[in-house]
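# show me the folded form of this:
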Amino acid sequence: MSRGIERSKIFQDNTDRNYFLDRLGGIIRETSTACFAWALLPNHFHLLLKTGKSPISAVMGRLLTGHAVSYNRRHRRHGHLFQNRYKSILCEENPYFLQLVRYIHLNPIRANISDIRGLDRYPFSGHSAITGKVKRPWQDVEWVLKLFDGRPAFARRKYKTFIKEGLSQGKRDDLTGGGLIRSAGGWAALEAKRKAKIFQKSDERILGSGEFVENVLSEAEEKMERKYALLAEGYDLERIAEKVSGLMGLKPSEPWLPGKDPKRVAARSLLCYWAVRELGISMAELSRRLRLSLSGVSLSVKRGENIAREKGYQLTVEKLEK
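Below you'll find the predicted structure:
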């Protein structure tokens, strides 16, 4: 979810909203990201996504930057459009998935933009696609409907009943955060404060059972330990470039050069993969260094992951392997 700076509008009219949806649909298709629910409000929006070929950070970066540029150009304004970084909540699918679909699709009613009778016809939320009133090929409607019934007509009927039942719940703070970690299973405050430092930097939230949160934080801590061990071993972009150059039989400068030479492309891809996944370097920084688009860097990361897996390439860290 993301808000306008100082809660100002990010959509002035339906043209702005349609431009945003066109951009969202294109990015969703290009990155194979699943979009299950969404809602546009005057000064913010909500999305329920599942990661595809590109990390959510890349998807959101393209979406927010593209909309800000388009909006500023159209309305002859300058400066930031969005308030800080977008807010993301990492969610456990069961039991929160349908709760989040309902919460997001009831947003236009809570904002007094629509009522329950007009929600089917409201074009700027995913509800109308699930009910079959609007077709949006990039929205994953089938996944939502199959959770209600295997027969589409019956599923839509049950979905509508489910939506109506949520009207009396009002604002669900348990679904929107409000604390650094929201855990249905409960957390000892001391444990939450100790472990949550990993996520404060990226403003990430976790919504799930205690076991789910434990597993997520445990995995994140392992990645952080490996990252710092790699840095302690002296790994940086230049050393990774030397490593991939050696593997591909190239000079250390060649992975940075443009071109479609197969060895150079493979080296550049492996460089992007290790830089992003192992060192946590942003794709925006790689985009500048390599003079590639963000989508190009994202594809390189995926290609590099496949190369590393197929060839058995890995960055070794003595301290972790003893």
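
# hang on, isn't Gly126 packed against Arg102?
No - assessed by Cβ atoms under 8 Å, Gly126 is found out of contact with Arg102, at 11.2 Å. For every residue, glycine as well, the C-beta is placed using N, CA and C.

# which outside residues touch stretch 56-66?
Residues from elsewhere that reach stretch 56-66 (Cβ atoms under 8 Å, 6 or more residues apart in numbering): 2, 20, 23-24, 27-28, 31, 33, 49, 81-82, 86, 88, 282-284, 294-295, 297-298.

# just to revisit the earlier point, looking at Gly126 and Arg102, which is more packed in?
Neighbour totals were compared for Gly126 and Arg102, and Gly126 leads with 25 against 21 (other Cβ atoms under 10 Å).

# gap between the more buried one and Phe45?
Distance of Gly126 to Phe45, given as Cβ to Cβ, to the nearest Å: 11 Å.

# now for those two: what residues contact both?
By Cβ under 8 Å, 6+ apart, the residues touching both Gly126 and Phe45 are Trp38, Ala39.

# mind listing what's buried along the strand or helix carrying Ile104?
Assigned by DSSP states H and E, Ile104 belongs to helix 93-105. Neighbour counts over helix 93-105 (16 or more other Cβ atoms under 10 Å) mark Tyr96, Phe97, Leu98, Gln99, Leu100, Val101, Arg102, Tyr103, Ile104, His105 as buried.

# what's the spacing between Lys53 and Ile28?
11 Å.

# neighbour count: the two, which is higher?
Taking other Cβ under 10 Å, Lys53 and Ile28 do not tie; Ile28 has more neighbours (23 against 15).

# which residue is nearest the centroid of the protein?
Taking Cα atoms, centre = their mean as the criterion, Ile56 is the residue nearest the geometric centre of the chain, at 2.1 Å.

# show me the contacts for Leu247.
Leu247 neighbours (Cβ under 8 Å, 6+ apart): Ala267, Leu270, Lys311, Tyr313.

# just send these back as TSV, with secondary structure, pLDDT and neighbour count too.
Shown next, in TSV, are these (DSSP: H, G, I helix; E, B strand; the rest coil; pLDDT from 0 to 100; neighbours: other Cβ atoms under 10 Å):
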residue	secondary structure	pLDDT	neighbour count
Ala267	helix	93	28
Leu270	helix	93	28
Lys311	helix	89	11
Tyr313	coil	90	15
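
# what is the nearest of the residues you listed to Leu40?
Of all the contacts of Leu247, Leu40 sits closest to Leu270, with 39.2 Å by Cβ to Cβ.

# give me the pLDDT for the residue nearest to Met1 when sequence neighbours are not counted.
Nearest non-adjacent residue to Met1, counting by Cβ to Cβ, 6 or more residues apart in numbering: His46, 4.8 Å away. On the pLDDT scale, His46 is placed at 95.

# which regions of this protein sit below the pLDDT cut-off?
93-95, 170-226, 317-322 (pLDDT under 70).

# let me know the closest of the buried residues of helix 93-105 to Phe154.
Closest to Phe154, out of all of those and judged by Cβ to Cβ, is Leu98, at 16.0 Å.

# all helices of the stretch 201-322 of the chain, in order?
For the stretch 201-322 of the chain, the helices defined by DSSP state H, counting those that start in this stretch occupy 210-232, 237-248, 262-273, 283-290, 294-311, 318-321.

# which one of those lies nearest to Arg7?
helix 283-290 (26.0 Å).

# check which helices and strands the closest one sits against.
helix 56-75, helix 262-273, helix 294-311 (3 or more Cβ pairs under 8 Å, 6 or more residues apart in numbering; DSSP states H and E).

# for Asn14, find the nearest of those helices.
Of the helices and strands packed on helix 283-290, the one closest to Asn14 (Cβ to Cβ) turns out to be helix 56-75, at 12.6 Å.

# CA atoms of whichever helix or strand comes after the closest one as CSV?
The helix or strand immediately downstream of helix 56-75 is strand 88-91, counting by DSSP H and E. Provided in CSV are the C-alpha atoms of strand 88-91 (Å, rounded to 0.1, in the frame of the first residue of the first chain):
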residue,chain,number,x,y,z
SER,A,88,4.5,-3.9,2.6
ILE,A,89,3.1,-6.7,4.8
LEU,A,90,4.4,-10.2,4.4
CYS,A,91,1.3,-12.4,4.9
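
# got the buried residues for strand 88-91?
Here strand 88-91 shows Ser88, Ile89, Cys91 as buried, counting by 16+ other Cβ under 10 Å.

# pretty sure the last one sits against Leu98.
In this case it means Cys91. No - if you go by Cβ under 8 Å, Cys91 and Leu98 don't touch, sitting 11.4 Å apart.
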